[in-house]
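S.K.: Generate a structure from the sequence data that follows.
(one chain, ligands or ions: 1)
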Amino acid sequence: MKYEKRYDTQRGDSHAMGSEFILELQCISKSYRTPHHRSTPLKNVTANVANGDFIIITGPSGTGKSTLFRLLTRLEEPDEGQILYLGKPLFEWHPPELRQKLHYVFQAPVLFPGTVADNLSYSARLKGNTLQTEEMEDLLRRVALPQNYISRRIEELSGGEKQRVNIARSLSLAPDVLLLDEPTSALDEKSAKHIESEIKAYHEAGHTVLWITHSPEQAKRLGSILWRLKDGLLETELVP
Ligand SMILES: Nc1ncnc2c1ncn2[C@@H]1O[C@H](COP(=O)(O)OP(=O)(O)OP(=O)(O)O)[C@@H](O)[C@H]1O
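M.R.: A predicted model of the protein is given here:
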């Protein structure tokens, strides 16, 4: 699959958009307090994402990786600090528009009852378009699912198959920034590598990707920038 290249030069175009960075996290803090538990997954986190970056996010369980994605898509708000997308604070974006541009692929697939086709064409329908059968077949091929899965019912699929339908549906949205939360956690190694190469192609076409993983091997294969979250702090390093 060839993705249409969106930008001639990644960094150059982000400057052309009027902001040096596509995403800016400025002194972000987030705490949770329940009667039995208090945690502060993010403490004064500052980081920037340039247009076209491929960032791997890693860190022990419960250190705020998914929290970060929830803040980026305004499913939750930070207690302190602000996040800018294309130079504009997130609270100035209309959430549905924001979530099409900054798209969160949840770790547990969120699909509605019906067929694979119903789910794949959902985003197009929201925009008043229809998705042709060939386009759906192409989406399935991109996530290594057989084309006859178009008519399969969601409730008949395995966890890994649902995860792949979920990724295919997200790709059909062509978001500027793809936020992937352990997207291959339910997949065998061959399928996981297939997804990795599709997401790499998506990135090479000029999109920005943030990918949460617990696998050091996967991190090495994929990203050029590593964000490590621990004790509320974010360390950044370049992957050689
Ligand atoms: N709605 C909530 N209410 C209370 N605590 C929460 C809530 N959401 C998250 N937390 C807590 O915040 C911390 C960070 O959670 P988060 O899901 O971001 O971790 P994570 O790094 O993505 O973990 P994992 O690698 O296990 O998926 C955890 O201690 C979690 O218990």
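
S.K.: residues in this structure within reach of the ligand, list them.
M.R.: Tyr32, Thr34, Ser39, Pro41, Gly59, Ser61, Gly62, Thr63, Gly64, Lys65, Ser66, Thr67 (Cβ under 6 Å from any ligand atom). Quick note: C-beta positions are derived from backbone N, CA and C, even for glycine.

S.K.: one more time with 8 Å, if that's ok
M.R.: 30, 32-34, 37, 39, 41, 59-68, 70, 76, 107, 181-182, 212, 214, 229 (Cβ under 8 Å from any ligand atom).

S.K.: Generate a ChimeraX selection restricted to the buried subset of the residues you listed.
M.R.: The ChimeraX selection below is limited to those of the residues of the chain next to the ligand classed as buried (16 or more other Cβ atoms under 10 Å):
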select :30,41,59,63,64,65,66,67,68,70,107,181,182,212,229
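
S.K.: Run a quick neighbour tally on the closest residue to Leu233 other than its chain neighbours.
M.R.: Leaving out its chain neighbours, the residue that sits closest to Leu233 by Cβ to Cβ, 6 or more residues apart in numbering is Lys43, at 6.2 Å. By other Cβ atoms under 10 Å, the residues close to Lys43 number 16.

S.K.: what's the weakest-modelled helix or strand in the protein?
M.R.: Sorted by mean pLDDT, DSSP states H and E, the helices and strands of the chain end with helix 10-16, the least confident at a mean of 38.

S.K.: Partner strands of the next helix or strand after that one, with direction?
M.R.: Scanning forward in sequence from helix 10-16 by DSSP states H and E, the next helix or strand is strand 23-34. In the sheet containing strand 23-34, its partner strands are strand 37-49 (antiparallel), strand 80-85 (antiparallel), by DSSP bridges.

S.K.: Perfect, I'm done here.
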